[in-house]
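In: coords below, sequence missing:
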Ligand SMILES: C[S@@+](CC[C@H](N)C(=O)[O-])C[C@H]1O[C@@H](n2cnc3c(N)ncnc32)[C@H](O)[C@@H]1O
């Protein structure tokens, strides 16, 4: 049987996350539930885990888990709605938040349009309720919009040329499949697996508004987590990591006055203490056993007010 998803940095992230075995923890990205199960295994009967995921397959796994363990609740929602937990779901305590970003192995290997390795309809929506899929991005964005996606999210130096090639192709006939797209990318940017994955990942980030969701979800987590509680984020893309690093740094700083100011007048109060000065990365053994772990970075901060 193939594994749905091998959890990354499992011990390291959960060692940091749990500060009270009777607490309430939020797993913002349930996936196959690897991290959630590890949290549950360390909690007392009074402890609780609430998990989010937008993927239907995650929901099926989570439904079985919540039937088997009364301490677990699943919300089939985007984690940008974390801020509704207090008022809409009446959750009173928040001892820790975990974000394990991106997609699961199952999604890459099985769901529509995520991989250039299979010939499928261009989709890439994690949440099938989203209106615009990769098909809409590739077939309706103008040249600037497409080039932005490839340059900003894919760091592709030939972003503009690629955008123009896509527009020229789709003017003749719509680009409907992963293979059609992969062929254009290979012609303009090169055929290496790294290049193709990078461009496909850039489109996926745009389709799912992944960076916007992270900024919103992380902001809400920092607001909600109680004093002494922790926020842990595992990221796989440099732009995700930058959002986490900058948010933690801002929340840990005591002054945001301009550098030329002689005295501090901003009155800023630090809300976080950063627990990982440098991000924690998987060891060689983990990367050897799970190649999807190779780009992972874990950052953790603790609420201090
Ligand atoms: C890397 S996997 C998580 C794996 C999980 N930690 C495990 O051990 O199985 C990321 C999961 O987050 C979900 N996801 C990504 N962005 C999301 C968002 N904004 N809201 C909710 N779920 C999201 C994906 O559908 C995917 O299942």
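Out: Yep, that arrived. Bear in mind the structure is a predicted one, so any value in this text is a computation, not a measurement.
In: Tell me the residues of this structure that contact the ligand?
Out: Applying Cβ under 6 Å from any ligand atom, one finds that the chain approaches the ligand through 5, 7, 29, 31-35, 52-55, 58, 78-80, 100, 102-104, 126, 213. Yep, even glycine has a C-beta here, placed from its N, CA and C like the rest.
In: So which of these are in helices?
Out: Per DSSP state H, helices hold the following members of the residues of the chain next to the ligand: 34, 35, 58, 213.
In: Closest one of those to residue 256?
Out: Set against residue 256, the nearest of those by Cβ to Cβ is residue 213 (24.9 Å).
In: For burial, what's the neighbour tally of the closest residue in space to that closest one that isn't next to it in sequence?
Out: Closest residue in space to residue 213, ignoring its immediate chain neighbours: residue 80 at 4.4 Å, by Cβ to Cβ, 6 or more residues apart in numbering. Per other Cβ atoms under 10 Å, the neighbour tally for residue 80 reads 20.
In: Would you map the helices across the stretch 151-300 of the chain?
Out: 159-172, 178-189, 193-207, 210-224, 238-252, 284-289 (DSSP state H, counting those that start in this stretch).
In: To residue 269, which of those lies closest?
Out: Of all the helices of the stretch 151-300 of the chain, helix 238-252 comes closest under Cβ to Cβ, at 9.6 Å.
In: That closest one versus helix 210-224: what angle between them?
Out: 20 degrees (axes from the mean of the first three to the mean of the last three Cα atoms, to 10 degrees).
In: From what I see, the residue nearest to residue 213 and residue 210 are in contact.
Out: No - if you go by Cβ atoms under 8 Å, residue 80 and residue 210 don't touch, sitting 10.1 Å apart.
In: What about the residue nearest to residue 102 when sequence neighbours are not counted, how many residues nearby?
Out: In space, and not counting its chain neighbours, residue 102 is closest to residue 236: 4.6 Å by Cβ to Cβ, 6+ apart. Summarising burial for residue 236: neighbours were counted as other Cβ under 10 Å, giving 18.
In: what about residue 236, distance to residue 100?
Out: According to Cβ to Cβ, to the nearest Å, residue 236 and residue 100 sit 9 Å apart.
In: so who does the residue nearest to residue 213 touch?
Out: 212, 213, 216, 217, 220 (Cβ atoms under 8 Å, 6 or more residues apart in numbering).
In: Give me the buried subset of those.
Out: In terms of neighbour count (16 or more other Cβ atoms under 10 Å), the buried residues within those are 213, 216, 217, 220.
In: pLDDT at the spatially most central residue of the chain, what is it?
Out: Among the residues of the chain, the one closest to the centroid is residue 101, at 2.4 Å (Cα atoms, centre = their mean). Note on residue 101: pLDDT of 98.
In: My guess is it contacts residue 29. True?
Out: Yes - the pair residue 101 and residue 29 passes the contact test of Cβ under 8 Å, sitting 6.5 Å apart.
In: Could you report the separation of the residue of the chain most remote from its centre from residue 40?
Out: Residue farthest from the centre of the chain, counting by Cα atoms, centre = their mean, is residue 262 at 39.6 Å. For residue 262, the distance to residue 40 equals 53 Å [Cβ to Cβ].
In: ok, now residue 134?
Out: With Cβ to Cβ as the criterion, residue 134 and residue 40 are 35 Å apart.
In: neighbour count winner among these two?
Out: residue 134 (24 against 19).
In: Okay, strands next: where are they in the chain?
Out: 24-27, 48-52, 72-75, 96-100, 230-235, 272-274, 297-303 (DSSP state E).
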